[in-house]
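S.K.: A predicted structure for the sequence below; I have some questions about it.
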Amino acid sequence: MNKDEIKGAVKDVAGKAQREVGKLTGSEEQQVKGGLKQAEEMQAEAKAALEQYQHQLAEARHEAARIREQAKEQGVTIIQEMREQAQAESHRIAEQARVQIQAERQQVLAQLRTEIGDLSTQLASRIVGESLEDEARQRRVVERFLADLEERQPVGDRS
């Protein structure tokens, strides 16, 4: 019990006692005073209960506002984290694609060199009239042919 509840209980007892005294003595005035005193005490208790309720309601509203604000902040944080994850994933995918394209480009260039070499060897054999079966000789002819091609290629076209 808090201080106000104790005071209310004491006043209630006093009012009842005064009313009972009035009944015993037959005094209507004492009975009315006792009844009024008891009614005032009950009104004070009701007022105290109302104030306590209003205080609890204000605290609950404050707590709800705090929770809403906290949830809002968490939502912003989650959205930011998701954006960062998406951006990192996007960069990872782009880098993976770049590496794959570069590898495929190198593979195509190697295949082209081989095909050009084979065609060059066949063409050179026909033109020169001698066989280029010797692998070392074949490699030198191909390399010389490719070097000539690269020299003739305009500077801006080289990759």
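M.R.: Yep, that arrived. Numbering: from 1, shown residues only.
S.K.: Strands along the protein, start to end?
M.R.: With strands called from DSSP state E, the chain shows none.
S.K.: Where does the prediction get shaky in it?
M.R.: Along the chain, the parts satisfying pLDDT under 70 run over 1-4, 7, 10-11, 17-32, 128-135, 137-138, 153-159.
S.K.: In it, where's the longest helix?
M.R.: What stands out as the longest helix in the chain, according to DSSP state H, is helix 28-128.
S.K.: Can you tell me which helices and strands it packs against?
M.R.: helix 3-25, helix 135-152 (3 or more C-beta pairs under 8 Å, 6 or more residues apart in numbering; DSSP states H and E). For glycine as for every other residue, the C-beta is placed from the backbone atoms N, C-alpha and C.
S.K.: What angle do helix 135-152 and it make with each other?
M.R.: 110 degrees (axes from the mean of the first three to the mean of the last three C-alpha atoms, to 10 degrees).
S.K.: Just give me the residue right at the centre of the protein.
M.R.: Most central in the chain under C-alpha atoms, centre = their mean is Ile78, positioned 1.3 Å from the mean C-alpha point.
S.K.: That one: what's it in contact with?
M.R.: With contacts defined as C-beta atoms under 8 Å, 6 or more residues apart in numbering, Ile78 has no neighbours.
S.K.: Start the count at 39 instead of 1 going forward.
M.R.: Renumbered: residue one is now 39, and that last one reads Ile116.
S.K.: That one and Ala96, how far apart?
M.R.: 31 Å (C-beta to C-beta, to the nearest Å).
S.K.: can you check Ala86 too?
M.R.: In terms of C-beta to C-beta, Ala86 sits 16 Å off from Ala96.
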